[in-house]
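Visitor: what follows is a predicted protein model with its sequence.
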Amino acid sequence: MSETGLIAHPDGCPRCWWAGLDPVYVAYHDTEWGVPEHDGRALYEKLILDGFQAGLSWITILRRREGFREAFAQFEPERIARFTADDVARLMADARIIRNRAKIEATIRGAQAWLRIEERGPGFSAFLWNFVDGSPVQGRAGSRADILPETPLSRRVSKALKAEGFGFCGPTIVHAFMQATGLVNDHLVGCHRHAPCAGLGGPR
């Protein structure tokens, strides 16, 4: 890894340091992270998974993502919102996921909050994208040291999500979520994905 936080790969493409050399991480970095996401259900899923990551490494979540999807009804909020105590007990016994009762219960409350936002319009996606006026914030970090763990923006979004009823959405988790879903393009400027992701969102 260079002093900038970029990693040179055999394919010649410089990547952000956190992708490492793990094929799962590299694929996620190259195809998902930083790509603007506008689907409300997918945004809910990613917010929940970022919440489950708290205290763990993201690769742990990535390797269990399909198990999470199967356990949580493909992250369809309409279904999760109706989960009962029996569902919580079922999930607490499911080794495919992170068995944390507080996070499981927060997932159900988050689904109920998602539905309330959808019902009053214009929906969860617009709720989030309005914080950046519909266009991704384009980071200009040249090194790992320039990437902040949270920002004034993530603090505002975190406060709003908590007010709606979401849990496990502190400013650091929300910042990671916004980076992952392309609300913020925080690929290092020397990373081969920075320019393509910037092109997807337009100037800001």
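Guide: Yep, that arrived.

Visitor: check contacts around the most centrally placed residue in the chain.
Guide: Nearest residue to the geometric centre of the chain (Cα atoms, centre = their mean): Phe177, 3.1 Å. Shown in contact with Phe177 (Cβ atoms under 8 Å, 6 or more residues apart in numbering): 46-47, 50, 169, 183. Yep, even glycine has a C-beta here, placed from its N, CA and C like the rest.

Visitor: burial count for Arg120?
Guide: Per other Cβ atoms under 10 Å, the neighbour tally for Arg120 reads 9.

Visitor: which residues are contacting stretch 48-63?
Guide: Contacts for stretch 48-63 (Cβ under 8 Å, 6+ apart): 22, 24-25, 28, 65, 68, 72, 75, 97-98, 100, 103, 106-107, 110, 167-169, 173-174, 176-177, 180.

Visitor: just stretch 152-171 next, same as before
Guide: Residues from elsewhere that reach stretch 152-171 (Cβ under 8 Å, 6+ apart): 47, 51-52, 54, 102-103, 105-106, 109-110, 112-113, 116-117, 127-128, 131-132, 137, 150-151, 172-175, 177-178, 184.

Visitor: out of these, which are inside strands?
Guide: Per DSSP state E, strands hold the following members of the contacts of stretch 152-171: 137, 184.

Visitor: how about the lengthiest helix in the chain: buried residues?
Guide: Looking across the chain with DSSP state H, the single longest helix is helix 101-120. Within helix 101-120, the residues scored as buried using 16 or more other Cβ atoms under 10 Å are 103-104, 106-108, 110-115, 117-118.
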